[in-house]
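S.K.: model this:
(one chain, ligands or ions: 1)
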Amino acid sequence: RYRVKVFKLYHQAVAWVLRMMRGRVCVKSTHAFVFSECTHGKADSVLETFDLYAETHPSLCIGPEIGEALDEVVRRVRPSRVLELGMHCGYSSVRLLRLLPPAGRLITVELDPLTADLGEEIILVAGFKHSQFQVLTSSSAEAIPTLRSLLEPDQRTSEGFNLVLMDHDPQQYLPDLLTLEKEALLCSSGCSVILINRRRRAKDLREILDHIKARADFCCIKTELQFMVEILYQREDTKVECDDKI
Ligand SMILES: C[S@@+](CC[C@H](N)C(=O)[O-])C[C@H]1O[C@@H](n2cnc3c(N)ncnc32)[C@H](O)[C@@H]1O
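M.R.: Residues are numbered from 1 along each chain as shown. Alright, predicted model coming up:
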């Protein structure tokens with residue numbers, strides 16, 4: 001039993017040293033590893049390959065721990081229209097897409113053009129089609145005002161997104177949320193907005209959570225974890241109770 005424990009500790013220490021030695025996150029190297037090592041067409045294999053890579057290389061993917069918490073929200077909300085801000089190499093996009101219903105759609109936004117191209121390729125490698133997702137290569141601030149026309153080009157009264165994942169730039173979370181509210185892009189019958197808090201510091205999300213507290217009549221904090229907060233928006237007449245009401 002001790003030998004197994006010592007071996008695990010040794011393995012973790014070697015992985016940590018390798019990650020430190022390799023320094024910065026490399027999008028090209030992440031893409032090349034996942035592309036060549038995963039089973040094409042299998043979303044779970046793509047995710048496992050990302051996780052394998054992250055064991056020995058620096059990575060920005062949310063990884064399995066945050067990923068499982070995200071999966072729980074997606075399974076509960078069962079969204080059909082999802083917005084992701086901060087696609088990176090496509091890890092969280094694949095996680096989201098594999099749980100959407102057949103008619104579900106993901107719009108994902110990535111600022112860096114090379115990252116957006118490589119991430120899009122990984123989503124295709126995982127077996128998803130362009131009818132299921134769309135990548136927008138721009139800043140979130142530029143992308144959000146264009147989203148209504150992309151959601152339902154023929155219907156001005158589109159319902160908006162049921163789920164929004166923010167994992168781009170925490171400084172941008174509040175301004176982007178305000179624009180999403182202003183553009184009526186959060187589905188009025190219920191929309192979960194997930195904020196990833198990578199640094200796990202409460203103060204990083206203080207401003208946006210104060211904003212939510214000031215709007216307690218139609219939104220609340222549904223789930224609050226160290227690394228992730230879920231905000232629930234709902235119109236007054238259809239409002240359900242939040243677990244951790246503020
Ligand atoms: C932490 S990574 C996202 C990781 C991804 N969610 C995953 O788990 O695979 C953040 C990404 O957001 C992008 N980004 C940063 N600021 C942005 C902005 N204002 N608009 C759009 N993308 C942005 C960065 O280029 C980076 O690729």
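S.K.: hang on, residue 99 is in a helix, isn't it?
M.R.: No: per DSSP: H, G, I helix; E, B strand; the rest coil, residue 99 lies outside any helix segment and is coil.
S.K.: measure it to residue 179 for me?
M.R.: Taking CB to CB, to the nearest Å as the measure, residue 99 and residue 179 are separated by 26 Å. Yep, even glycine has a C-beta here, placed from its N, CA and C like the rest.
S.K.: now do residue 95
M.R.: Separation of residue 95 from residue 179 (CB to CB) stands at 25 Å.
S.K.: So the two - more neighbours on which side?
M.R.: More neighbours surround residue 95 than the other of residue 95 and residue 179, with 26 against 17 (other CB atoms under 10 Å).
S.K.: tell me the secondary structure for that one?
M.R.: Under three-state DSSP, residue 95 falls in the helix class.
S.K.: do you know how far the residue lying closest to it once chain neighbours are set aside is from residue 51?
M.R.: Using CB to CB, 6 or more residues apart in numbering and skipping residues adjacent in sequence, the residue nearest residue 95 is residue 67, 5.3 Å away. According to CB to CB, residue 67 and residue 51 sit 9 Å apart.
S.K.: Specify which residue of these two has the higher count of neighbours.
M.R.: residue 67 (19 against 15).
S.K.: Hmm, that one is touching residue 92, no?
M.R.: Yes: using CB atoms under 8 Å, residue 67 is in contact with residue 92, at 7.3 Å.
S.K.: mind listing what residue 103 touches?
M.R.: Taking CB atoms under 8 Å, 6 or more residues apart in numbering, we find residue 103 in contact with residue 80.
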